[in-house]
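A.B. asks: Need the 3D shape of this:
(chains A, B, C, D and E)
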Amino acid sequence: MSVLSIAGHVLLVSGGFILFTSGLGILRMPDVWNRLHAGTKATTLGSILFLAGIGCLQPVWIPKLFLIVLFIILTNPVSGHALARAVHMRPEEKPDNLLEDDLAETGYEGGKEQ
Amino acid sequence: MTETLMTAIVLTLGGMMVAAGIAVLFVRDLLSAIIITGFVSLSASVMFLLMDAPDVAITEASIGAVLATMIFLWGRGKIGDDG
Amino acid sequence: MIRTLAGLVIVLILGAVAAAVIPEMQMREELQGVGYSYASRGMDETGSSNLVTAVIVAYRGLDTLGEVVVLFCASTAVVLMLTLYPIGVKASEPSRIVAFTAKVLPAPIMLFGVYFIAHSHLSPGGGFPGGTVIASTFLLVMLGSSSVPDRNGRLPAIESLAGLSFGLLGFWGIMTAGQFLNNAFLGTGTPGSIISGGLIPLISIAIGAKVASEFSGVFKAFRNSGGEA
Amino acid sequence: MSNTFTSILFGLLGGGLLLAFIRLLKGQHGTDRAVALDTATLISTNLLVFIAFLEGRSMLIDVAMVYSVLSFLGVLAIARYLDGGLR
Amino acid sequence: MSTAFYWSIAGTAAGLILVGLWGVLTRKHVLRIALAFTVADTGANLLLVWSGYLPGRTAPVIDGSIPASEITSAVVDPLPQAMVLTSIVIGVAVAALFVVVGVLASRRTGSADVRRMKELRW
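C.D. replies: Sure, this is the predicted structure:
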């Protein structure tokens, strides 16, 4: 086994493990804000590691894999941001120990849900 | 060996799809039903790729994920949950 | 409740019928009939590496033309009804990050769509998926702005031109080779290179433009119907 | 690529997908389900790439490319709807 | 070995069709019926693609990995895939028409309950 192959296997297993952890976090975390952490950050890291592992095992595919990674890096934080903003629309989800709420102070209010 | 794995993946996906199909009918909120329908379309796309139909998988992903979801969201915004 | 149970009984009866019928469809080992002839002759006759595109555009091109007409009727009905009976609620402003994304990302995504259309004879993809990908970029633009009605545009012109060019390309086949949508008269080229497949790339472009403009028209009608009230 | 390794990876990805799906069924509100859908689409993007890798044909990656882009659009549409920006 | 793989796909497709049909028969909200219709549509597409699937073969896109003399013994049936490709696009157009008609009808009757849309009966 070459160095590249070993690196690929390690990256694949770590990426798969992090993706599994994100699924576990989605299921087990207590409220929506915590689930957002698991659902957006962990999946981004896990996807990058997993696709890098595939790239180590199949070096010919690297351009397409790089495109996928680029799109995930560009798009996943945006969808996480939009989801967090949507969660902020629900006042009953506001945690008890909240010290500061900058978004509420800006006077932002989207449409209320019908 | 790979066949066994593929069978396991297909059984997992198929069970999830049928369970999601039943959940679409019985979930309270219409918005949740729309989201679950999007999940059915996306897993159908994985299933199409498993059946060696990449063209169909691309079409199902683009249409089921975006266009159908968007149309149903628009309709729910106009009607609401009542009735 | 009684409704649910009655429906369940009907569905269970149908399920029993399906369980009796579906195992009769034996698992095949070899291609047979039409599928065999498409697979064996498709690449030589049409010059397209992607056999699915060859079937859609060349062998079953007339059916695809009819299917595009059905799509045109459905989208026209949607747009017409929404124009006649506008129904609307106001929308909110997007956040700054979403607005910026809606400015930056449409161009690469549209490039994806163009890639799928232009490589329809080489790789998975084709006119229908490419067109929907392009239409979804308009959706992204719509998501990144508050809904302001916009009544003018050239979408109908693009739609009509695409449909017209589909028909004209078919009639070109009649004039030169005596067959509707015959695609071999342009020369099939070497399969696998970008200029190959005769008429297939051109017809894919027509289908892609038509699908993209139709779905964009539907989205635009959705957006415009939410302006007043 | 040994068989045990492949089955471990399939187990990790499929297990993550299954857990996210359980949250998709259980979630009390639409936002919970939207977050679960986001996670499920990203896990299945990786699953698509892995299936393409096992088949060994590079053109199957196109499916994963378009899937990653468009699932983002679907989740963004749902989030904007919950936000009130899409009426 | 591959028979389990093969028949489980058929079971999934049939299950989706039956579940969607059940929803169309029993639900009352217009959009819920449209959603059930979409689920049944997905199941029908799966069943069609499954009918052209041959186990152990590869996708019908020919590149360097398939020798040109062995095409007919290496690829799955391309015809059902082509049919399903157009069927999906038609399906979403029909769903859009369904939703718009439902929205307009519910505006007229003042509720989204299909039992009250008497104008659409014949």
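
A.B. asks: CA only for contacts and neighbour counts going forward, please
C.D. replies: Will do.

A.B. asks: Identify the residue nearest E:Val99 in space, chain neighbours excluded?
C.D. replies: Take E:Val99 and drop its neighbours on the chain: the residue closest to it by CA to CA, 6 or more residues apart in numbering or on different chains is B:Gly75, 6.1 Å away.

A.B. asks: List the contacts of the one helix or strand the one you found maps to.
C.D. replies: If you go by DSSP states H and E, B:Gly75 is part of helix B:68-79. The set of residues external to helix B:68-79 that reach it, using CA atoms under 8 Å, 6 or more residues apart in numbering or on different chains, is A:114, B:30-31, B:34-35, B:37-38, C:87-88, C:222, D:74, D:77-78, D:81, D:86-87, E:31, E:92, E:95-96, E:99-100, E:103, E:106-107, E:112.

A.B. asks: and the residue in chain D that chain B sits nearest to, how many neighbours?
C.D. replies: Residue nearest to chain B within chain D: D:Gly74 (4.8 Å; CA to the nearest CA). D:Gly74: 29 surrounding residues under other CA atoms under 10 Å in any protein chain shown.

A.B. asks: and it, what is it in contact with?
C.D. replies: Going by CA under 8 Å, 6+ apart, D:Gly74 touches B:Ala65, B:Val66, B:Thr69, B:Met70.

A.B. asks: 10 Å - rerun?
C.D. replies: Shown in contact with D:Gly74 (CA atoms under 10 Å, 6 or more residues apart in numbering or on different chains): A:79, B:35, B:38, B:62-70, C:136, C:139-140, D:34, D:37-38, D:80.

A.B. asks: roughly how far apart are it and C:Ala135?
C.D. replies: When distance is defined by CA to CA, to the nearest Å, D:Gly74 is 13 Å away from C:Ala135.

A.B. asks: what do those two both touch?
C.D. replies: Common contacts of D:Gly74 and C:Ala135, defined by CA under 10 Å, 6+ apart, comprise B:Ser62, B:Val66, B:Leu67.

A.B. asks: Enumerate every residue touching residue 49.
C.D. replies: Here I'm looking at chain A. A:8, A:10-16, A:18-19, A:43, A:55, A:69.

A.B. asks: oops, I was thinking of chain D
C.D. replies: Contact analysis of D:Val49 by CA under 10 Å, 6+ apart lists A:50-51, A:54, A:65, A:68, D:55, D:58, D:60-65.

A.B. asks: if you set the cut-off to 8 Å instead, what comes out?
C.D. replies: A:Leu51, D:Leu60, D:Ile61, D:Ala64 are the contacts of D:Val49 under CA under 8 Å, 6+ apart.

A.B. asks: likewise E:Leu85?
C.D. replies: Here E:Leu85 is in contact with B:Asp55, B:Val56, B:Thr59, C:Phe128 (CA under 8 Å, 6+ apart).

A.B. asks: if I look at it, how far off is chain A?
C.D. replies: Distance, E:Leu85 to chain A, by CA to the nearest CA, to the nearest Å: 24 Å.

A.B. asks: Output the set of residues of chain B in proximity to chain C.
C.D. replies: B:Pro54, B:Asp55, B:Ile58, B:Thr59, B:Ser62, B:Ile63, B:Val66, B:Leu67, B:Trp74, B:Lys78 (CA under 8 Å from any CA of the partner chain).

A.B. asks: now with 7 Å?
C.D. replies: B:Pro54, B:Asp55, B:Ile58, B:Thr59, B:Ser62, B:Ile63, B:Val66 (CA under 7 Å from any CA of the partner chain).

A.B. asks: Restricted to helices, list these.
C.D. replies: B:Pro54, B:Asp55, B:Ile58, B:Thr59, B:Ser62 (DSSP state H).

A.B. asks: Which of the residues you listed are buried, as a PyMOL select command?
C.D. replies: Remark: buried members of these, expressed as a PyMOL selection using 16 or more other CA atoms under 10 Å in any protein chain shown:
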select buried, chain B and resi 54+55+58+59+62
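
A.B. asks: Which residue is the nearest non-sequential neighbour of D:Ser71?
C.D. replies: Using CA to CA, 6+ apart, the closest residue to D:Ser71 is B:Ala65 (5.8 Å).

A.B. asks: mind checking how far that neighbour is from E:Leu25?
C.D. replies: Separation of B:Ala65 from E:Leu25 (CA to CA): 25 Å.

A.B. asks: These two: which is more packed in?
C.D. replies: B:Ala65 (28 against 18).

A.B. asks: residues making contact with stretch C:124-132?
C.D. replies: The contact list for stretch C:124-132 (CA atoms under 7 Å, 6 or more residues apart in numbering or on different chains) reads B:54-55, B:58-59, B:62-63, C:53, C:113-114, C:116-117, C:120, C:204-205, C:207-209, C:211-212.

A.B. asks: longest helix of chain B?
C.D. replies: When chain B is parsed with DSSP H, its longest helix is helix B:2-26.

A.B. asks: Tell me if that helix is near chain E.
C.D. replies: Yes. Using CA under 7 Å from any CA, helix B:2-26 reaches chain E at B:Glu3, B:Met6, B:Thr7, B:Val10, B:Leu11, B:Gly14, B:Val18, B:Gly21, B:Ile22, B:Leu25.

A.B. asks: element containing C:Gly66, please.
C.D. replies: Going by DSSP H and E, C:Gly66 is in helix C:61-84.

A.B. asks: Please state the offset of that helix from the chain centre?
C.D. replies: 12 Å (CA atoms, centre = their mean, to the nearest Å).

A.B. asks: What residues sit buried inside that helix?
C.D. replies: Of the residues in helix C:61-84, C:61-62, C:64-65, C:67-68, C:71-72, C:74-79, C:81-82 count as buried by neighbour count, 16+ other CA under 10 Å.

A.B. asks: Which neighbouring elements make contact with that helix?
C.D. replies: With contacts taken as 3 or more CA pairs under 7 Å, 6 or more residues apart in numbering or on different chains; DSSP states H and E, helix C:61-84 sits against helix C:200-224, helix E:78-109.

A.B. asks: Mind putting those into a markdown table with mean pLDDT and distance to E:Val49?
C.D. replies: What follows is those, written out as a markdown table (pLDDT from 0 to 100; distance: least, CA to CA, whole Å):
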| stretch | mean pLDDT | distance to E:Val49 |
| --- | --- | --- |
| helix C:200-224 | 85 | 22 |
| helix E:78-109 | 87 | 6 |
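
A.B. asks: Tell me which of the ones you listed approaches C:Met25 most closely.
C.D. replies: helix E:78-109 (14.8 Å; CA to CA).

A.B. asks: And for C:Leu5, the neighbour number?
C.D. replies: C:Leu5, neighbours per other CA under 10 Å, totals 12.

A.B. asks: and the next element down the chain from the longest helix along chain D?
C.D. replies: Using DSSP H to assign secondary structure, the helix with the most residues in chain D is helix D:30-55. Helices and strands here follow DSSP H and E; after helix D:30-55, the next one along the chain is helix D:61-83.

A.B. asks: Give me the angle between that next one and helix B:68-79.
C.D. replies: Here helix D:61-83 runs at an angle of 10 degrees relative to helix B:68-79 (axes from the mean of the first three to the mean of the last three CA atoms, to 10 degrees).

A.B. asks: Against chain E, how distant is B:Ile58?
C.D. replies: 9 Å.
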